[in-house]
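S.K.: Sequence first, then the predicted structure:
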Amino acid sequence: MSWLQLALLAAAMGLALSAIMAIAWQVQRTTGHTGWIDVCWTFGTGIVAALGSLAPLQADHPPGARQIMVAILITFWSLRLGGHILLRTREVGDDPRYRDLITQWGANADWRMFLQLQSQAAVGLILAVSVALAAHNPRPNLGWQDFLGIALLVGALAGEAVSDWQLRRFRSNPSNRGRICEAGLWRLSRHPNYFFEWLCWVAYPVIAIDLSGANPLGWISLLAPACMYWVLVHVSGIPPLEAHMLRTRGDQFRAVQARTRAFFPFPKR
């Protein structure tokens, strides 16, 4: 992949993601349910990244094994996470993080939400470009880095699915109403699902980077895990969710903060 091909592919994916998040903005305005925002973002990012992975960079050149492999990986990610968020949205409707933002913004909520969702399209573009760079790595054959990336992504998806299942099972028990989940992986991290989501995006640089130096563009894929870490830990993941938990759970959640790490699932001293 040349710099020009990367620029053209990124421009096409960026326009598609911007349109998808404009649709998401309209959907949440029409339904009144902010949960649909992340449904649109997850499925939209997955579709755009998969198509970018399979895009032919040369005429009459069918997708190679690595392109197909990466397209399958990003599709699995999108279907698993998007399906989980879709089920949650059908049950609950609202995402407290977005609802709190709408309350804070007041009369300006409509246009500020539009800008917020366009910024999420930009994040999706960074992720989709990283996926495409992995897919279009010019290494002729699949090698140990490809299989390591597959193992990393599959393991991360499994960890995220287990985290979501443990939280769902905890919340389904009426005796846990008003309590905070500390079962299983949630005993090691306040947000193990976020950690495993971030780990998914570490897999693509593993596939994209050529240690021999033959594919310098592959290093750009490191933006995916860096961006996802920044978003989850410092922007729209942990900060607004924990602010909501402090308002609704107070001292109970402060006690959990004192004994549990926020992100990385390791025991805290």
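M.R.: Sure thing, it's come through. Note that the coordinates shown come from a computational prediction; the quantities given were computed from them, not determined experimentally.
S.K.: C-alpha from now on. contacts and neighbour counts both.
M.R.: Noted.
S.K.: Tell me where the stretch 1-150 of the chain has helices.
M.R.: 3-31, 36-54, 65-92, 96-105, 109-135, 144-172 (DSSP state H, counting those that start in this stretch).
S.K.: Reformat these into JSON lines and put mean neighbour count and mean pLDDT next to each item.
M.R.: Below are these laid out as JSON lines (neighbours: other Cα atoms under 10 Å; pLDDT from 0 to 100):
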{"stretch": "helix 3-31", "mean neighbour count": "17", "mean pLDDT": "94"}
{"stretch": "helix 36-54", "mean neighbour count": "23", "mean pLDDT": "96"}
{"stretch": "helix 65-92", "mean neighbour count": "18", "mean pLDDT": "93"}
{"stretch": "helix 96-105", "mean neighbour count": "15", "mean pLDDT": "87"}
{"stretch": "helix 109-135", "mean neighbour count": "22", "mean pLDDT": "96"}
{"stretch": "helix 144-172", "mean neighbour count": "17", "mean pLDDT": "95"}
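S.K.: Could you export those as a markdown table, including distance to residue 178?
M.R.: As requested, those are exported to a markdown table (distance: least, Cα to Cα, whole Å):
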| stretch | distance to residue 178 |
| --- | --- |
| helix 3-31 | 28 |
| helix 36-54 | 25 |
| helix 65-92 | 16 |
| helix 96-105 | 16 |
| helix 109-135 | 29 |
| helix 144-172 | 9 |
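S.K.: what about the ones you listed, which gets the closest to residue 239?
M.R.: helix 96-105 (9.3 Å; Cα to Cα).
S.K.: elements contacting that closest one?
M.R.: Helix 96-105 sits against helix 109-135, helix 238-249, with contacts defined as 3 or more Cα pairs under 8 Å, 6 or more residues apart in numbering; DSSP states H and E.
S.K.: closest one to residue 34 among those?
M.R.: helix 109-135 (10.2 Å).
S.K.: Could you give the separation of that closest one from the chain centroid?
M.R.: Chain-centre distance of helix 109-135: 10 Å, with Cα atoms, centre = their mean, to the nearest Å.
S.K.: from here on, count from 72
M.R.: With 72 as the first residue, the last one maps to helix 180-206.
S.K.: Just want the angle from it to helix 107-125.
M.R.: 30 degrees (axes from the mean of the first three to the mean of the last three Cα atoms, to 10 degrees).
S.K.: returning to what we had before: which of the helices of the stretch 72-221 of the chain sits closest to residue 286?
M.R.: Across the helices of the stretch 72-221 of the chain, closest to residue 286 is helix 180-206 (Cα to Cα), at 9.5 Å.
S.K.: just the angle between the closest one and helix 74-102, please?
M.R.: 140 degrees.
S.K.: In terms of secondary structure, what does helix 180-206 contact?
M.R.: By 3+ Cα pairs under 8 Å, 6+ apart, helix 180-206 packs against helix 74-102, helix 107-125, helix 136-163, helix 167-176, helix 263-279, helix 294-301.
S.K.: So for residue 140, what's the nearest residue that isn't a sequence neighbour?
M.R.: Spatial nearest neighbour of residue 140, excluding adjacent residues (Cα to Cα, 6 or more residues apart in numbering): residue 206 at 7.7 Å.
S.K.: do residue 149 as well
M.R.: Nearest residue to residue 149 in three dimensions, chain neighbours excluded: residue 117, at 5.0 Å (Cα to Cα, 6+ apart).
S.K.: before we move on, the earlier item: how about the helices and strands packed on helix 180-206 in CSV, adding distance to residue 309?
M.R.: Listed next are the helices and strands packed on helix 180-206 as CSV, based on distance: least, Cα to Cα, whole Å:
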stretch, distance to residue 309
helix 74-102, 22
helix 107-125, 15
helix 136-163, 17
helix 167-176, 10
helix 263-279, 8
helix 294-301, 10
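S.K.: which one of those lies closest to residue 216?
M.R.: helix 263-279 (5.5 Å).
S.K.: Now tell me what touches that closest one from outside.
M.R.: 198, 201-202, 204-208, 216-217, 219-221, 223-224, 227-228, 230-232, 234-235, 256-257, 289-290, 292-293, 295-296, 299-300, 303, 308, 334-336 (Cα atoms under 8 Å, 6 or more residues apart in numbering).
S.K.: Right, I'll leave it there.
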